[in-house]
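Trainee: Need the 3D shape of this:
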Amino acid sequence: MPKKRVHWVSWLLTFLLMVIIGLPGLWVILSAFRPNREILAKPAVWIPERISLDNFASIFGFGDAQVAIPVTSYFVNSLVIAITSTVVAVAIGMSGGYAFARFRFRFKNTAFLGLMLSRTVPGIALSLPLFMMWSWFGLIDTKFGLILVYVALNIPFTIWLIDGFFRQIPKELSEAGRVDGCTRWQAFWKIEFPLARSGIASAGIFAFLTSWNEYALASNLTRSTDSKTLPVGLMDFTAQFTIDWAGMCAMAVIIIVPALILTYIVQKHLIAGLTFGGVKG
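Mentor: Just a heads-up that it's a prediction; the model follows:
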């Protein structure tokens, strides 16, 4: 088979695979702009008869059909928890990644392996022990308790990712800066940090998305509107015998949009970071 034909076949197969993967997301987006009767219609109606923002208006308390769900509070909670946990996790991950990449100390490999192994434990497996510990400490149904959990979940990954980027930067650059009069701290901020900025941005976006989208732990550790996040709030649309699919899809779109905007803003750093850190030295 000619090389050009192989290229087109692989491209077509990739496109079809992406379409299949994207169908559920497309269905959610379309359902956010139409009423429940169209969503539940059989056979399925893919193209809405009329595009409407009524579902969004109702979940925010506007219009005739209002939904008694505090979406604004859930959105603020998610934003505070995701941003705070991301900043803390990236700060610690940057410090840890730099230390593992640049310094020698006892049990370095053991500590690094231990961090990586801790990331292999499924989050849902931690639900019961975390619930018991947080109950003892009085952290159930608090933003602070959820932030601590997400920081702990994100630190191993951010350390691993940022460590790979600092290993790609030659030590000689920092040493040359120190010869020219920079302290180690100045050499880090003026020379090494700008070069590793793409990797740090990559770690940040992954940490944010993990905190923003996480459901299993948040559903066990939150109870009220003071700490519930958007993914947990989706369950408020379910009743004993009915499910408000239109409202749920509208809220799902609200969850998706900030993640897409953030990814678009940092996409240059994200692509460059993933490419730069692809090979570890």
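Trainee: how deep is Leu234 tucked in, by neighbour count?
Mentor: Neighbour count for Leu234, taken as other Cβ atoms under 10 Å: 19. All C-beta atoms are positioned from the backbone trio N, CA, C, and that covers glycine.
Trainee: Which residues lie in contact with it in this structure?
Mentor: 248, 251-252, 255 (Cβ atoms under 8 Å, 6 or more residues apart in numbering).
Trainee: looking at these, which has the most residues close by?
Mentor: Going by other Cβ under 10 Å, Met251 tops the contacts of Leu234 with 26 neighbours.
Trainee: picking that back up, got the contacts of Leu234 as a markdown table, with secondary structure, distance to Gln186 and pLDDT columns?
Mentor: A markdown table is the format used below for those (DSSP: H, G, I helix; E, B strand; the rest coil; distance: Cβ to Cβ, whole Å; pLDDT from 0 to 100):
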| residue | secondary structure | distance to Gln186 | pLDDT |
| --- | --- | --- | --- |
| Met248 | helix | 52 | 90 |
| Met251 | helix | 47 | 91 |
| Ala252 | helix | 46 | 92 |
| Ile255 | helix | 41 | 91 |
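Trainee: SS state for Ala68?
Mentor: coil (DSSP: H, G, I helix; E, B strand; the rest coil).
Trainee: between the contacts of Leu234, which is closest to Leu221?
Mentor: The shortest gap between Leu221 and any of these belongs to Ile255, at 18.4 Å (Cβ to Cβ).
Trainee: quick one: that closest one from Pro231, how far?
Mentor: 7 Å (Cβ to Cβ, to the nearest Å).
Trainee: cool, Thr238 as well?
Mentor: Thr238 is 13 Å from Pro231, by Cβ to Cβ.
Trainee: Then Phe107?
Mentor: 38 Å.
Trainee: Of these two, which one has the most company?
Mentor: Taking other Cβ under 10 Å, Phe107 and Pro231 do not tie; Pro231 has more neighbours (19 against 9).
Trainee: Let me know the average pLDDT across the helix or strand that one falls within.
Mentor: Per DSSP states H and E, Pro231 falls inside helix 230-233. Mean per-residue pLDDT for helix 230-233: 92.
Trainee: For that helix, what is the distance to the chain centroid?
Mentor: Per Cα atoms, centre = their mean, to the nearest Å, the displacement of helix 230-233 from the mean C-alpha position of its chain is 14 Å.
Trainee: which residues touch that helix?
Mentor: 69-71, 74-75, 77-78, 212-215, 218-219, 222, 251, 254-255.
Trainee: ok, now with 10 Å
Mentor: 59, 69-71, 73-79, 82, 146, 212-223, 225, 248, 251-252, 254-255, 258 (Cβ atoms under 10 Å, 6 or more residues apart in numbering).
Trainee: quick one, what contacts Ile169?
Mentor: Per Cβ under 10 Å, 6+ apart, neighbours of Ile169: 101-102, 191-196, 199, 276, 281.
Trainee: Packing partners of the helix or strand in which Pro24 is found?
Mentor: Here Pro24 sits within helix 3-31, counting by DSSP H and E. Here helix 3-31 touches helix 36-39, helix 245-265, going by 3 or more Cβ pairs under 10 Å, 6 or more residues apart in numbering; DSSP states H and E.
Trainee: Right, I'll call it a day here.
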